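Chemist: For reference, the sequence and a predicted model appear below.
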Amino acid sequence: MTPKELLESLNELDEQTRIEAKLASEVGKSIMETVCAFANEPGLGGGWLLLGVKRDEGALFPSFSAMGVPNPDKLKSDLTTQAREAFNRPINLEFADETVNGVILVSVFVPEADPTDKPIFFQKHSLPGGAFRRVGASDIRCTEEDLFAFYQDRGVESFDSTALRGATLEDFESGAIEEYRSEIRKNNPESEILSWSDEDLLAALNCLKRQEGRAVPTLAGILLFGSQRALRRLLPMTRVDYIRVPGNRWMEGGPEPISSIDMRDSLLRLVRRSVAAIMDDLPEAFSLPAGAIQREVSTPLPGRVIREAIVNALMHRSYRKAGPVQIIRYANRIEIRNPGYSLKPEESLGEAGSITRNPLVAAVLHETRFAETKGSGIRAIRAVMEDTGLTPPIFESDREGDQFTVTLFFHHFLMESDWDWLAAFKDAHLSQDEARALVCVRDNGRISNTAYRDLNRMDTLQASLHLRRLREQGILEQKGKKGPGTFYIGSSAFLATLGQESGALGQESGALGQESGALGQESGALGQESGALGQESGRNSPDDFPEALVLRIRGLGQRSAPEEMKSVLLEICAVHPYSSEELGELLHRDPQKLVRSYLSSMIVSGELSYLYPDKPNRPDQKYVTMPQGRK
């Protein structure tokens, strides 16, 4: 693409996965990080840097202006030198100059590196932090999980093959091993492994390792064949939590309590128990088709969809991260959340092939037919939901929160009641794709570019155009940071169509999606504490702050002194308890960074206290300033 074509694309669709704009009068850290990210991202095919362009940060819609590069030859020379010397492997760049609006712009094409050369990383920094990936329109520092995606084809040992400290052969359960044999016998009665001893079988599956002359179970071995006692002792957080929430939103409140069931078992059993927990809780419908003798029973979601979603969550979750897989049952949908973002780019989900975090676990699930062909689980879920006329599923990978979520709606799309409600937007001349998106926002509270793509089976750029139109129409509002953190909620005009529900929806919209990482941390306590959830909805607003505090908040810059930020946090939390998400919204800061940089240390120092000190990881935890004399 020429510089002019790149500029036109930016003004039409904003920064994209393969295009990054920089003002760039000289080669700086940001440019080199983008070069590294473009070279590393698997399957991207490289990307373009457009240099000499400035973004208008105050504009509501994408607006990029050609400012020009003062000395293009020097810039290209410096960039060429750094691309050859800064990384562990030299990167050969391709340049193009063009005069646009009277100034010279420079485009730089960064080719994707050969898989055997990845990861590309800065030589002055160690891995994984010295390497970058391209996620959406952002350059993201790599994690250990990303390195495995690069190394997978090189025979590097996977995390699930590591020996599990403290585990012994007594931690295996013979019944779990026999269940595996039973599945193999069912699928392949002539398999030679049926005659092997348990120890030989476990060794063949890499569920055992030899260390100092003795056999030690691996992580995969305990996950697949460990006893419940061993799982509780060695891997206490690798359970599945089934959480039932009345209504359509978390913390919506109501007469029914939130209930929770914790399940811990060997993986083959855990799949069955999890599927059964969901299916047993789904309402059943009975019908007697014309000419039939027996009635037919149906549920809102097909059993195969539930099974595939559960298997995907347990097979692809990150076992490095201590946290359960969550199944959250709302009135209108089920959300299945697992620790660990998708190693595969979101736009490639459902395509053939997969990047598997846990290849030993995956091999057993494939062999026993719990999981089908690699990469087919998401494709199967989409196909079954489409065949039965149900709302398309939504798959969202949250890299920052290190979580993957599958959302399965119960109702058919689009029903007559949906069209009746959509009549309120008749002046907007909605397409069917846009209508689907608005129903999703109504039922789910929000929609992201990823969700829009899933609902309407289109690419990122098409989804961006559609969401931009809905924003221009004043129907949706954009929230979150640029890139993967961006999502959309209903505008005030949208909320007005919901009648009495609009007030509650509006209060919750800012928190939707930001609390997902916290939901899993204390799920066992949710049932006991549900009465307290949502009772803080009448909290003070910034309008209730003293004028001096309002002025201090407005005066905070993006690089305020730490002591100034701490002082403001103390003043805010002295007015009323606030959660990290609420504080982030007030101060225009990332909530997680606030926790890491300020809130945690202020808890330790006694300057702040938890509103619920006995449950520090509650999903609705808030911070309050400690009164003088009680520190």
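Modeler: Looks like it came in fine.

Chemist: C-alpha from now on. contacts and neighbour counts both.
Modeler: Fine.

Chemist: elements contacting the strand or helix carrying Ala437?
Modeler: Applying DSSP states H and E as the criterion places Ala437 in helix 432-444. Helices and strands touching helix 432-444, by 3 or more Cα pairs under 8 Å, 6 or more residues apart in numbering; DSSP states H and E, are helix 449-456, strand 487-490.

Chemist: what's the most buried one of these?
Modeler: Highest mean neighbour count among the helices and strands packed on helix 432-444 (mean count of other Cα atoms under 10 Å): strand 487-490, with a mean of 24.

Chemist: The helix or strand containing Ile243 - which strands sit beside it in the sheet, and in what orientation?
Modeler: Element membership for Ile243 (DSSP H and E) is strand 240-244. If you go by DSSP bridges, strand 240-244 pairs up with strand 259-263 (antiparallel), strand 325-329 (parallel).

Chemist: hey, least reliable of the ones you listed by pLDDT?
Modeler: With a mean of 86, strand 259-263 has the lowest mean pLDDT of these.

Chemist: May I see the buried residues of the helix or strand following it?
Modeler: Once strand 259-263 ends, the next helix or strand along the chain (criterion: DSSP H and E) is helix 267-281. Applying a neighbour-count criterion of 16 or more other Cα atoms under 10 Å, one finds 267-271, 273-275, 278-279 buried in helix 267-281.

Chemist: Mind giving me the packing neighbours of helix 267-281?
Modeler: So helix 267-281, by 3+ Cα pairs under 8 Å, 6+ apart, packs with helix 174-187, helix 219-225, strand 240-244, strand 259-263, helix 303-316.

Chemist: Pick out the shakiest of those, pLDDT-wise.
Modeler: Among those, strand 259-263 scores lowest, with a mean of 86.

Chemist: Mind listing what's buried along that one?
Modeler: Those would be 259-260, 263, for strand 259-263 by 16+ other Cα under 10 Å.

Chemist: chain center to it: distance?
Modeler: Distance of strand 259-263 from the chain centroid (Cα atoms, centre = their mean, to the nearest Å) equals 23 Å.

Chemist: Tell me what angle it forms with helix 267-281.
Modeler: 160 degrees (axes from the mean of the first three to the mean of the last three Cα atoms, to 10 degrees).

Chemist: got the CA positions of strand 259-263 in PDB?
Modeler: Taking C-alpha atoms only, strand 259-263 is exported to PDB below (Å, rounded to 0.1, in the frame of the first residue of the first chain):
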ATOM      1  CA  SER A 259     -25.900 -19.900  44.200                       C
ATOM      2  CA  SER A 260     -22.600 -21.600  43.500                       C
ATOM      3  CA  ILE A 261     -21.500 -25.200  43.000                       C
ATOM      4  CA  ASP A 262     -17.700 -26.000  43.100                       C
ATOM      5  CA  MET A 263     -16.600 -29.100  41.100                       C
END
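
Chemist: Rebuild the helices and strands packed on helix 432-444 as TSV, extending it with mean pLDDT and distance to Lys4.
Modeler: Formatted as TSV, those follow (pLDDT from 0 to 100; distance: least, Cα to Cα, whole Å):
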stretch	mean pLDDT	distance to Lys4
helix 449-456	84	26
strand 487-490	90	29
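
Chemist: what's the closest of these to Asp427?
Modeler: When the helices and strands packed on helix 432-444 are compared for distance to Asp427 using Cα to Cα, the nearest one is strand 487-490, at 16.6 Å.

Chemist: Give the buried residues for the helix or strand following that closest one.
Modeler: Later in the chain than strand 487-490, the nearest helix or strand by DSSP H and E is helix 492-496. The neighbour-count check on helix 492-496 (16+ other Cα under 10 Å) flags 494-495 as buried.
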